[in-house]
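Trainee: Got a sequence here, can you build the structure:
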Amino acid sequence: MTQYETPEKAPQAVSRLGLYLPTGLLLLLAVGWSVFWFFVSKKTDEAISGWMASEKASGRTWECAGKEIGGYPFRIELECASIKFSSAQMKADLGTFRAVTQIYSPKLILADVSGPLQINSAGVQNIFSWSNMRVSLRFNGALERLSMNIADVQGGEVADTALVSAKMMELHLRTDTGRPSEDKAIDVVMNVNDLRASGLDTLIGNTDAATLNLSGTITQALGLRVGNWQAGLEHWRAPVSYTHLRAHETPEH
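Mentor: Numbering: from 1, shown residues only. Next up, the predicted model:
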C-alpha cells in the first residue's frame, strides 16, 4: 500500500495548484487595477484643484458644489451639483455638470450640462436654459476639438419670455493644423435650427423661424487670456489677421 500512496498524492497537489492559480492571478490583477484607478482618480482631483487655484490667482473663482469623482473601474467621472463662477466683471451660476472619460482613453471627454445658466454682468442678468446639452472635448497635448449639441435653447429670458430660442444648436471648434502655427487658427462650424429672435424679427420684418449655418476660420484665437470679454474682443481684433465667416439664414415656411 505504501508504494502507491505517493503517486496518488502528486496529481492531487497539481490539480489544486491548477485550480487556485488562475483565481489568485485574477485577484492580483483586480487589486493592481484598483490601486491604479485610485491613483488616477487622485491625480485627476489634484489637477482640478490645481487648475482652480491657478484661476483664482488670475482673478477668476470657480466653485464645484458637491464635487464627486467616481466611475470605478473603467472610467473617471466628475460630477458637480452646481458650478459657480465669479470675476471682477461677471458672475455666473450653472446647473449640474457631469464629465466622463475612459481611463484607457483620457484624450476624449464627454460632458452633460444641465441648465439654467445665469449670467450677471454690469448689473444686467441673462438666463439661458435648454432641455439637453452634450459637450465633447478631444485633447492632444492641448485642446484639439470641441463640439456642443444643445436642444431647446432659450436665452435672455425676461418675465418668462425668451428673446432668443432655437430647437437645436450645434457648435464645432477645431484647431486648424493646416495653417501656420503663428496664425493660431480655429475652424468654426455652427448650425441652428428653428431660430427665433425678437430683434431679428424686427430687422427682417417677419416672424418665421430661421435656419442659420455658419462656417469659417478665425485666426489669432488660440491662447487668448484676457480678463473680460469686451477687452478680449478688442485684443483679438487688434492683430492683422484673416477672418472668414459665411452666414446663411433661410426662413422656414
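Trainee: so where's the protein shaky on pLDDT?
Mentor: Flagging of the chain using pLDDT under 70 yields the residue ranges 1-18, 157-161, 221-253.
Trainee: Neighbouring strands of the helix or strand hosting N126 in the sheet, and parallel or not?
Mentor: Using DSSP states H and E, N126 sits within strand 124-129. Paired with strand 124-129 in the same sheet, following DSSP bridges, are strand 117-121 (antiparallel), strand 142-155 (antiparallel).
Trainee: mind listing what's buried in the shortest one?
Mentor: The neighbour-count check on strand 117-121 (16 or more other CB atoms under 10 Å) flags L117, Q118, I119 as buried. Backbone N, C-alpha and C define where each C-beta goes, glycine included.
Trainee: hmm, who's touching stretch 117-134?
Mentor: Applying CB atoms under 8 Å, 6 or more residues apart in numbering, the contact partners of stretch 117-134 are 89-95, 110-116, 148-157.
Trainee: How about that stretch, which residues are buried there?
Mentor: Of all the residues in stretch 117-134, those buried under the rule 16+ other CB under 10 Å are L117, Q118, I119, N126, I127, F128, S129, W130, M133.
Trainee: again with stretch 107-118
Mentor: For stretch 107-118, burial by neighbour count (16+ other CB under 10 Å) applies to I109, A111, V113, S114, G115, L117, Q118.
Trainee: How far off centre is it?
Mentor: 6 Å (CA atoms, centre = their mean, to the nearest Å).
Trainee: now swap in stretch 48-57 and tell me
Mentor: Mean-position distance between stretch 48-57 and its chain equals 17 Å (CA atoms, centre = their mean).
Trainee: Using PDB, list the CA coordinates for that stretch.
Mentor: In PDB, the C-alpha atoms belonging to stretch 48-57 read as follows (Å, rounded to 0.1, in the frame of the first residue of the first chain):
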ATOM      1  CA  ILE A  48      -8.800  70.100 -11.000                       C
ATOM      2  CA  SER A  49      -7.800  71.700  -7.700                       C
ATOM      3  CA  GLY A  50      -4.600  73.000  -9.100                       C
ATOM      4  CA  TRP A  51      -6.400  74.500 -12.100                       C
ATOM      5  CA  MET A  52      -8.900  76.200  -9.800                       C
ATOM      6  CA  ALA A  53      -6.100  77.600  -7.700                       C
ATOM      7  CA  SER A  54      -4.400  78.900 -10.800                       C
ATOM      8  CA  GLU A  55      -7.700  80.500 -12.000                       C
ATOM      9  CA  LYS A  56      -8.200  82.100  -8.600                       C
ATOM     10  CA  ALA A  57      -4.700  83.600  -8.700                       C
END
